[in-house]
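Trainee: pasting the sequence and the predicted model now:
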Amino acid sequence: MRIFNIMVSRDLGGIQQAYIDYNDALLSQNHEVINIASTKAQINDQLTPDHKLPNLAQWCFLSKIYIGILIKKYKPDIIICHGNRAINFAYGSVKPKNTKIVGVSHNYSYKKLKKCDFIITLSNDLRENLIKHDISQDKLIHLSNMVRIEKPYSPTAYNNPITIGSLGRFVEKKGFAYLIESIKLIKESGHNIRLIIGGDGKEKDKLKQ
């Protein structure tokens, strides 16, 4: 099966990691994967795309035309879109009748996803959000983000104190401030617990305080 894997965000985060994971997972199942990303995407250092889009803006006609040319050339069976802009570009071109567009629901934005033939949801809450906005359950496929396991897992006893770790971008919408406040409340209630967080971003100094 020939599959387009499209991600046009320029930042680094969960969507970019999913873009890499989908590529590797599909290749492991012997599918032909054609990766398409933004010219200025930081993730290009980790996964060199087969094609790069100019991605000048949300409405970038050049990107839509280029994807249209690629679709006409390769005639993919499936187009996987990570993010709203990827969906917008894919639907801005004429696709073959049998090509299915699959949107990956990485957040609570839903309007662009309504166009897709199928939607992959990363959590039950995201799935319920789409159902609430009148998206048919028949279009929804639940598939959590992938985790790379390098060695067999064997359970171990909890540390003392119990240690919770969290990794991510230090931006407000990720909610690290709420996590820190929650741990504070748990400690104040008498539980022996500690928190280790890792990452970087514009909220770093605020979180340290």
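Mentor: Ah, there it is.
Trainee: all strands for the protein, in order.
Mentor: 2-7, 32-38, 51-53, 78-82, 100-105, 118-121, 140-142, 162-169, 193-200 (DSSP state E).
Trainee: gap between L70 and I197?
Mentor: With distances taken as C-beta to C-beta, to the nearest Å, L70 is found 40 Å from I197. To be clear about C-beta, it is placed using only N, CA and C from the backbone, and glycine gets the same treatment.
Trainee: between those two, who's got more neighbours?
Mentor: For L70 versus I197, the count of surrounding residues by other C-beta atoms under 10 Å is larger for L70: 20 against 16.
Trainee: and the closest residue in space to L143 that isn't next to it in sequence, how far from E203?
Mentor: Sequence neighbours aside, I120 is the residue nearest to L143 in space, at 5.1 Å (criterion: C-beta to C-beta, 6 or more residues apart in numbering). Distance, I120 to E203, using C-beta to C-beta: 29 Å.
Trainee: more neighbours: those two, which one.
Mentor: I120 (23 against 17).
Trainee: identify the residues contacting that one.
Mentor: For I120, the contacting residues are V102, G103, V104, S105, I141, H142, L143, by C-beta atoms under 8 Å, 6 or more residues apart in numbering.
Trainee: kindly recompute the last result at 10 Å.
Mentor: Applying C-beta atoms under 10 Å, 6 or more residues apart in numbering to I120 gives the contacts 18, 22, 80-82, 102-106, 113, 126-127, 140-144.
Trainee: and what of Q137?
Mentor: R127, L130, I131.
Trainee: whichever of those end up buried, select them in ChimeraX.
Mentor: Buried residues within the contacts of Q137, by 16 or more other C-beta atoms under 10 Å, are selected in ChimeraX with:
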select :127,130
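Trainee: closest to K95 out of the contacts of Q137?
Mentor: When the contacts of Q137 are compared for distance to K95 (C-beta to C-beta), L130 wins out at 22.2 Å.
Trainee: the closest residue to that closest one other than its chain neighbours: what's it in contact with?
Mentor: Nearest non-adjacent residue to L130, counting by C-beta to C-beta, 6+ apart: Y110, 5.6 Å away. Remark: with contacts taken as C-beta under 10 Å, 6+ apart, Y110 is in contact with N84, G103, I119, L126, N129, L130, K132, H133, D134, I135.
Trainee: spatially nearest residue to the last one, not counting backbone neighbours?
Mentor: Nearest-residue entry for I135: K114, 6.1 Å, with adjacent residues in sequence omitted and distances by C-beta to C-beta, 6+ apart.
Trainee: isn't that neighbour up against L140?
Mentor: No - using C-beta atoms under 10 Å, K114 is not in contact with L140, being 11.9 Å away.
Trainee: point out where this protein drops to low pLDDT.
Mentor: Applying pLDDT under 70 to the chain flags residues 93-94.
Trainee: could you pull out the helices for the protein?
Mentor: Under the criterion DSSP state H, the chain contains helices at 14-28, 61-74, 84-91, 124-132, 176-188, 204-208.
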